[in-house]
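Student: this is a predicted model, with the sequence first.
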Amino acid sequence: MSHVRKALTLFEKVNGRCFHPHWPLSYKSPNHLPPQTRLLSSISSSATSTMSNTAGLVIPCKAAVAWEAGKPLVIQQVEVAPPQAMEVRIKIKYTSLCHTDLYFWEAKDQTPLFPRIFGHEAAGIVESVGEGVAGLEVGDHVLPVFTGECGECAHCKSEESNMCNLLRINTDRGVMLSDGKSRFSINGTPINHFVGTSTFSEYTVVHSGCLAKINPLAPLDKVCVLSCGISTGLGATLNVAKPKKGASVAIFGLGAVGLAAAEGARIAGASRIIGVDFNPGRFEEAKKFGVTEFLNPKDYDKPVQEVIAEMTNGGVDRSVECTGSIRAMISAFECVHDGWGVAVLVGVPSKEAVFMTKPINVLNERTLKGTFFGNYKPRTDLPTVVDMYMNKKLELDKFITHRLPFSEINKAFELMVKGEGLRCIISMED
Ligand SMILES: NC(=O)c1ccc[n+]([C@@H]2O[C@H](COP(=O)([O-])OP(=O)(O)OC[C@H]3O[C@@H](n4cnc5c(N)ncnc54)[C@H](O)[C@@H]3O)[C@@H](O)[C@H]2O)c1
Ligand SMILES: [Zn+2]
Ligand SMILES: [Zn+2]
């Protein structure tokens, strides 16, 4: 049951620890890359040499600043300070909007932290690095991640965990770890960071342990979606639920995270993928993700777990919950087959929510797990997920339903509030 805690610890504070920067990276230096990659990489570093001219200087640039809860973001000039020890300043090329941005922007039932620069799903290029940073250079292509990998703590050393002690998500902190200060300001007034990434800015400063260095050939306008939601759903299925070929899998919630979980089930070779959602509008889209059957709990006068058990001769082999609703979490657990069924919780419930089920459901050899960022270690594992896309094993294009220029970022919020589409890619240069 300790895995259940994982999904519920999203809002816990970071336990400060000493940082040491040594751990393996997949793309170490241009000499380790194939010839074509080396060529592009050298073009890219000469192209970025202009960027490195700004090293050590404050960069004035455009950012979308949230001044008040639920009010449109204001695109304005901010000053971005140089990276300090163990930090990296990156030029954001593309960012997308995820539900977590919306949740903290709306700031319902929270202690609001404004002014703030939101954004955590993105892709960018290293502009300069701070003292002590190893394994990242100017011109490297990177995905910033809201949770990090220090490489040294008990979690980073464990094969089973990705919940780094030092760099675990902290939604309450608006400053950098090293000195407790913000790198963003407007006329001397500090602007708060968000989950250590703040990607709704042309330049941002991120802890080096929260940056995954990726294949420089990967298109940043596509792989940016791997820096949060898609990796979360995909990993929940592939790394945690682990369905066998031919298995039956139920997915609760057919938003971007749930559909990424379905994509994981498709890749694993599941024979039946049952999608469960209240919103019938999601069903047509879900077919593209390999979902074979649909259930709307509102269409039945009995609990949906009973409907699933009848459809599957006793229950599905695996289930993945991607809603944040306690009701769906209970259904997801109770719909798996006794003896071998595994249910995985991904959705983030409200802080006070309580999960209840009869202990006999567990005794009957069902397993309940939870996951955070799909159990991927961001620096070690994300480059491989990017390569799954490059090798055409993982499909990403179908998640991208909208594109907008940075100047229209508020429209991306409107789309998400209305529940339209899956991912909207915001181009910083348009
Ligand atoms: N654990 C993690 O690391 C992690 C990371 C990212 C997101 N999340 C969480 O994953 C969840 C899904 O994110 P998303 O962006 O796909 O959200 P989304 O809002 O786009 O999709 C959720 C879907 O669930 C459906 N739904 C809600 N209650 C339901 C119920 N009781 N039964 C069936 N369907 C129901 C909604 O109709 C919606 O289509 C959120 O709770 C989000 O906070 C977790
Ligand atoms: Zn760590
Ligand atoms: Zn996210």
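Tutor: Structure received. Ligands and ions are numbered 1, 2, ... in the order given.

Student: what's the nearest residue in the protein when you look at ligand 1?
Tutor: G255 (2.2 Å; C-beta to the nearest ligand atom). Placement of C-beta: from N, CA and C, glycine included.

Student: can you give me the neighbour number for that residue?
Tutor: 20 (other C-beta atoms under 10 Å).

Student: ok, it touching H99?
Tutor: Yes. With contact defined as C-beta atoms under 8 Å, G255 counts as touching H99 (7.4 Å).

Student: where do the contact lists of these two overlap?
Tutor: Common contacts of G255 and H99 (C-beta atoms under 8 Å, 6 or more residues apart in numbering): none found.

Student: what does the stretch 101-250 of the chain put close to ligand 3?
Tutor: Counting by C-beta under 5 Å from the ion, the residues of the stretch 101-250 of the chain close to ligand 3 are C228.

Student: how about the helices in the stretch 101-250 of the chain?
Tutor: Assigned by DSSP state H, counting those that start in this stretch, the helices in the stretch 101-250 of the chain fall at 154-157, 220-223, 229-235.

Student: walk me through the domains of the protein.
Tutor: The record, using automatic domain parsing to delimit domains, assigns the chain the ranges 2-47, 54-227+396-427, 230-374.

Student: export the ones you listed to JSON lines and tack on distance to L382 and mean pLDDT?
Tutor: Formatted as JSON lines, these follow (distance: least, C-beta to C-beta, whole Å; pLDDT from 0 to 100):
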{"stretch": "domain 2-47", "distance to L382": "9", "mean pLDDT": "32"}
{"stretch": "domain 54-227+396-427", "distance to L382": "4", "mean pLDDT": "96"}
{"stretch": "domain 230-374", "distance to L382": "7", "mean pLDDT": "96"}
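
Student: need these in JSON lines (columns: distance to Y389).
Tutor: Formatted as JSON lines, those follow (distance: least, C-beta to C-beta, whole Å):
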{"stretch": "domain 2-47", "distance to Y389": "14"}
{"stretch": "domain 54-227+396-427", "distance to Y389": "5"}
{"stretch": "domain 230-374", "distance to Y389": "9"}
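
Student: format these as JSON lines; extra columns: distance to ligand 2.
Tutor: JSON lines is the format used below for these (distance: least, C-beta to the ion, whole Å):
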{"stretch": "domain 2-47", "distance to ligand 2": "7"}
{"stretch": "domain 54-227+396-427", "distance to ligand 2": "3"}
{"stretch": "domain 230-374", "distance to ligand 2": "13"}
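
Student: so which of those domains gets nearest V386?
Tutor: Closest approach to V386 among those is made by domain 54-227+396-427 (4.5 Å; C-beta to C-beta).

Student: how far does the closest one sit from the chain's center?
Tutor: Counting by C-alpha atoms, centre = their mean, to the nearest Å, domain 54-227+396-427 is centred 11 Å from the centre of its parent chain.

Student: for I308, see how far away the residue nearest the centre of the chain is.
Tutor: Note on the chain: the residue nearest the mean C-alpha position is C228, at 1.3 Å, using C-alpha atoms, centre = their mean. Using C-beta to C-beta, to the nearest Å, C228 is found at 29 Å from I308.

Student: pretty sure I92 is touching S201, no?
Tutor: Yes. Taking C-beta under 8 Å as the definition, I92 is a contact partner of S201 at 6.5 Å.

Student: the more surrounded of the two?
Tutor: Ranked by neighbour count (other C-beta under 10 Å), I92 and S201 place S201 first, with 31 against 28.

Student: may I have the phi/psi pair for the residue in the stretch 201-350 of the chain that ligand 3 sits nearest to?
Tutor: Per C-beta to the ion, C228 is where the stretch 201-350 of the chain lies closest to ligand 3, at 3.2 Å. Note on C228: its backbone torsions stand at phi -150, psi -90 [degrees, to the nearest 10].
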